[in-house]
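Engineer: what's the 3D shape of this:
(one chain, ligands or ions: 2)
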Amino acid sequence: PWGYDGDNGPDQWHKNYPIAKGRHQSPIEINNKEVHYDRSLLPWFASYDPCAAKTILNNGKTCRVVFDDSFDRSVLRGGPLPGVYRLRQLHFHWGSSDDHGSEHVVNGVRYAGELHLLHWNPKYSNYLDAVRRTDGIAVLAIFLQVGKTPKPEMKRILEEINAIKTKGKEVPFPNFDPSILFPKSHDYWTYHGSFTTPPCEECITWIVLREPIIVSSDQMAKLRSLSKNAENEPDLPLVDNWRPTQPRYFRMVSASFL
Ligand SMILES: NS(=O)(=O)c1ccc2o/c(=N\O)[nH]c2c1
Ligand SMILES: [Zn+2]
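Structural biologist: Ligands and ions are numbered 1, 2, ... in the order given. Predicted structure coming up:
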C-alpha cells in the first residue's frame, strides 16, 4: 500500500493512482507574487455542533477525528463555497522535527504541521459520490507553528494520543467543537486542488488560512509519538506524513485579503 517512504512514497503514487500526475494536484507553493486578491470573495463561516464529534483514531497515516455527517449538523459555508459543506473529519500532517511538516508552503516557509478539516457537498448523495466531483469537497487548512504560548485548545486532542498510539486504535471523542482551534483572523487563500494522499482525486476547494495556530514543541513531539504500525508489530514512528508541493500549472490562487 501507499505511504511516505522511498519505495511507496509520493513519487510512486502515480503507478496506482495516475491522477497523482494531474494538473490540479495538492499541496502547492503559495507565493505572494502569484496570488490574486479577489475582493468578491466572501468570509467563510463554520457552524459546528460539538455533539457531532464521535471518535479519534490512528489509521497508520495520521491522527483523525471523525464527526457525524449523516445530516447538515456541522457545516462550513461562505468563502468560495456555493453552499454548505458537511464536516466529516479532521486530521494532521507533521514532520520529524519542528522545522518542517506542513503540506502547503507559503513564500518558501514550511510550518511544523498542518491541520485539515474535511467537508463534503451534500448536493451529492454521499461522500464517495462527492469525491468524484470537482465541487465535491472543501478542506479548511490551518498551519501549526511552534511557539512559546501554545493554544490550550490543542490539549484536548493531544491528551487522547496515548490511547491511539498504534494503527487501528480508535477511542470515543465526544463533545468537541473544532472551531476552538481556529486562529483569530479568517484571512485565506483559495484554489482548486486534490487530496494530498491517494486517491489524489481533484475534487477539493482548498481554503488555506493565512494565520497559523501556535503549538508547543512538546505538543509536536506528542504527535510524533504516534506509531504507524499495529500494536504487536515493531515500532515505526508516524512522522513526515506530508506530500511535497506539486506543480501549480495554470491554476489561480485567490486571496481574500490585500
Ligand atoms: N490530506 S487531505 O487531502 O485533506 C485528505 C482528506 C481526506 C482523505 O481521505 C483519504 N483517504 O480515505 N485521504 C485523504 C486525504
Ligand atoms: Zn490532509
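
Engineer: three-state assignment of the residue most central in space within the chain?
Structural biologist: Against the mean C-alpha coordinate of the chain, by CA atoms, centre = their mean, the closest residue is His116 at 2.0 Å. His116 carries the three-state label strand when classified by DSSP: H, G, I helix; E, B strand; the rest coil.

Engineer: and if you look at Ile142?
Structural biologist: strand.

Engineer: OK, contacts around it?
Structural biologist: If you count contacts by CB atoms under 8 Å, 6 or more residues apart in numbering, Ile142 has them with Glu114, Leu115, Leu117, Leu181, Phe182, Pro183, Leu209, Pro212, Ile213. Where C-beta positions appear, they are placed from N, C-alpha and C, glycine not excepted.

Engineer: give me the pLDDT for it.
Structural biologist: Reading off the per-residue confidence, Ile142 sits at a pLDDT of 98.

Engineer: quick one: the closest residue in space to it that isn't next to it in sequence from Ala141, how far?
Structural biologist: In space, and not counting its chain neighbours, Ile142 is closest to Leu115: 4.4 Å by CB to CB, 6 or more residues apart in numbering. Distance, Leu115 to Ala141, by CB to CB, to the nearest Å: 7 Å.

Engineer: quick one: mean pLDDT over the longest helix seen in the chain.
Structural biologist: In terms of residue count, the longest helix belonging to the chain (DSSP state H) is helix 217-223. Computed over helix 217-223, the mean pLDDT rounds to 97.

Engineer: contacts for it next, please.
Structural biologist: Contact partners of helix 217-223, identified using CB under 8 Å, 6+ apart, comprise 63, 92, 94, 98, 101, 112-113, 144, 146, 150, 154-155, 158, 161.

Engineer: and those, which two are the farthest apart?
Structural biologist: Taking CB to CB, the two most distant members of the contacts of helix 217-223 are Gly101 and Lys155; they sit 19.2 Å apart.

Engineer: quick revisit: what's opposite the residue nearest to Ile142 in the beta bridge?
Structural biologist: The bridge-partner assignment for Leu115, based on DSSP bridges, gives Phe92, Ile142.

Engineer: after the strand or helix carrying His192 comes which helix or strand?
Structural biologist: Taking DSSP states H and E as the definition, His192 sits inside strand 188-193. Using DSSP H and E, the next helix or strand after strand 188-193 towards the C-terminus is strand 204-209.

Engineer: so what does that following strand touch, helix or strand wise?
Structural biologist: Packed against strand 204-209 by the contact rule (3 or more CB pairs under 8 Å, 6 or more residues apart in numbering; DSSP states H and E) you find strand 137-146, strand 188-193.

Engineer: name every strand pairing with that strand and say which way it goes.
Structural biologist: Strand 204-209 pairs in its sheet with strand 137-146 (parallel), strand 188-193 (antiparallel), by DSSP bridges.

Engineer: which parts of the stretch 151-258 of the chain sit against ligand 1?
Structural biologist: On the criterion CB under 6 Å from any ligand atom, ligand 1 has as its neighbours in the stretch 151-258 of the chain the residues Phe195, Thr196, Thr197.
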